[in-house]
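Enquirer: Fold the following, please.
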Amino acid sequence: MNTEQIVRTFVEYFEERGHRRVTGSTLLPPSGDPVLFTTSGMHPLTPYLLGRPHPLGRRLVNVQRCLRTTDLEEVGDDTHLTVFEMLGSWSLGDYEGPQSLDWGHRLLTEGLGIDPSLLYVTVSAGDQQTGPDTDSLRLWQERGVPVELTVEDNWWSNGPVGPCGPDSEIFLWSGDTPPRSTPTRDDRWVEVWNHVMMRHRRLEDGSLVPLPQRSVDTGLGLERLACLLQGKSSVFDCDVFEPWRRLVPPLWPLDEPSLRLVLDHLRSSVVVVGDGVRPSNTGQGYVLRRLLRRVLTVLWRDEPSRTLGDLPDELLSHTLDHFRQDVDPAEVRPVLLDEERRFGRLMERGRQLLARPRFQGPLRDEDFHYLHDTHGLPRDLVLSLREE
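Expert: Numbering: from 1, shown residues only. I've put the predicted structure just below:
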């Protein structure tokens, strides 16, 4: 199955069970939201999980594009991306966790054809405030799926205060041997789907109070699932990266870790620009600037003449189409090139500054502060220039 077939199968499965599709929002959260970007499928639905009636009813399904800056340093491994898509289903005060888990298991094994013997799940063992999640445990035992009980790993929260509850995570074996061990002991068990039983609100003092309605919030990473279903060892090898894998290496020969960073950050930058963000020194624009400058640092490390102007139109169009963004690629390219010119000028100024006698020895913290505050040179850029 390619990613479009997976999305169609997922959405139709839940629509057949009374769920209404919510149009996925952009990466940009509503005005006044404290976060920079939408980080999960549930983010735009938080008011409804807290009890507000949703205009489409109590059962929802959607496909939501997300961006997580917390994963920037992990990008390059087999499972993390900066911008990705999350498939989600919700019960807003309707059915409970066991029903959600039952449907999830049936969709994975019957709808998507996954061998049941390749599944493992984790369930909340409870703590001093909440007991074990016996309902989820019972459901999995009835289905014959092996279960690992955990405490911290199976409690979901949206921060130190706010909605929270126990969750049950479904893992798929990715190894080339028969399944072994458990999800917390072997990272070849890859988490693909999390079902959160949203039952509580955590207060400032750490205590829990019941939410006005008991809801279920699920999230399934599309690229991660596609990678596993397509028999690939990395999300960078699934079908959404096919044109990037085909066109970028002949243009810019790179080692595999560098190639993954370039593919992820450039693709993410296109999506962020497509949602209306422009590079700046603060907020959302700074995240975009950081993504592009990390790409350029890698590209120029081996060959300073490389330019984003050589990026094929096909990659811009493919990415914008995949994320359903009604944007002309001709509007994206000038943004990338303008930031490239700005960064090139900054790099040249940095080289001139670092050539001064003051900066010839080991750099102290006050040197880094001066270079950043007076000349706009961040620490990672200074260190990169020193390595040239």
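
Enquirer: buried ones in stretch 198-214?
Expert: 198-202, 211, 213-214 (16 or more other C-beta atoms under 10 Å). In short, each C-beta sits where N, CA and C put it, glycine included.

Enquirer: For that stretch, measure first residue to last.
Expert: Using C-alpha to C-alpha, to the nearest Å, the end-to-end distance of stretch 198-214 comes to 6 Å.

Enquirer: Now do residue 350, the pLDDT please.
Expert: As predicted, residue 350 sits at a pLDDT of 88.

Enquirer: Checking it next. Helix, strand or coil?
Expert: helix (DSSP: H, G, I helix; E, B strand; the rest coil).

Enquirer: where's it relative to residue 137, distance?
Expert: Separation of residue 350 from residue 137 (C-beta to C-beta, to the nearest Å): 57 Å.

Enquirer: neighbour-wise, which of these two wins?
Expert: For residue 350 versus residue 137, neighbours defined as other C-beta atoms under 10 Å are more numerous around residue 350 (21 against 18).

Enquirer: wait, what's in contact with the more buried one?
Expert: The contact partners of residue 350, taken as C-beta atoms under 8 Å, 6 or more residues apart in numbering, are 371, 375, 377, 381-382, 385.

Enquirer: and if we set it to 7 Å?
Expert: 377, 381-382, 385 (C-beta atoms under 7 Å, 6 or more residues apart in numbering).

Enquirer: Show me how to select, in ChimeraX, the buried members of those.
Expert: In ChimeraX, this line selects whichever of those come out buried by 16+ other C-beta under 10 Å:
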select :377,381,382,385
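
Enquirer: Tell me the one among the contacts of residue 350 nearest to residue 33.
Expert: Nearest to residue 33 out of the contacts of residue 350 is residue 381 (C-beta to C-beta; 30.0 Å).

Enquirer: Now the closest one: closest residue in space that isn't a chain neighbour?
Expert: Once flanking residues are discounted, residue 381 sits nearest to residue 350: 6.3 Å by C-beta to C-beta, 6 or more residues apart in numbering.

Enquirer: separation between the one you found and residue 340?
Expert: 15 Å.

Enquirer: cool, and residue 208?
Expert: 50 Å.

Enquirer: Buried residues, stretch 25-44. List them.
Expert: Under 16+ other C-beta under 10 Å, the buried positions of stretch 25-44 are 25-29, 36-44.

Enquirer: Take the buried residues of stretch 198-214 and lay them out in CSV including pLDDT, distance to residue 227 and secondary structure.
Expert: CSV is the format used below for the buried residues of stretch 198-214 (pLDDT from 0 to 100; distance: C-beta to C-beta, whole Å; DSSP: H, G, I helix; E, B strand; the rest coil):
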residue, pLDDT, distance to residue 227, secondary structure
198, 93, 28, strand
199, 92, 32, strand
200, 91, 33, strand
201, 89, 35, strand
202, 90, 34, strand
211, 91, 34, strand
213, 91, 35, strand
214, 93, 33, strand
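
Enquirer: Residue 235 is in contact with residue 81, isn't it?
Expert: Yes: judged on C-beta atoms under 7 Å, residue 235 makes contact with residue 81 at a distance of 6.0 Å.

Enquirer: joint contacts of these two?
Expert: residue 223.

Enquirer: So residue 205, which state does it fall into?
Expert: Residue 205, by the three-state scheme (three-state DSSP), is coil.

Enquirer: Please shift the residue numbers so they start at 57 in all later answers.
Expert: Fine by me, first position is 57 from now on; the one you just mentioned is residue 261.

Enquirer: how near is it to residue 217?
Expert: With C-beta to C-beta as the criterion, residue 261 and residue 217 are 10 Å apart.

Enquirer: try residue 110
Expert: From residue 110 to residue 217 the distance is 23 Å (C-beta to C-beta).

Enquirer: More neighbours: those two, which one.
Expert: The neighbour comparison of residue 110 against residue 217 (other C-beta under 10 Å) goes to residue 110, with 17 against 13.

Enquirer: which residue packs closest to that one, ignoring adjacent ones?
Expert: In space, residue 110 is closest to residue 104, 4.4 Å off (C-beta to C-beta, 6+ apart).

Enquirer: Also residue 328?
Expert: That would be residue 344: by C-beta to C-beta, 6+ apart, it lies 4.9 Å from residue 328.

Enquirer: contacting residues around that neighbour?
Expert: Applying C-beta under 7 Å, 6+ apart to residue 344 gives the contacts 325, 328-329, 333, 335.
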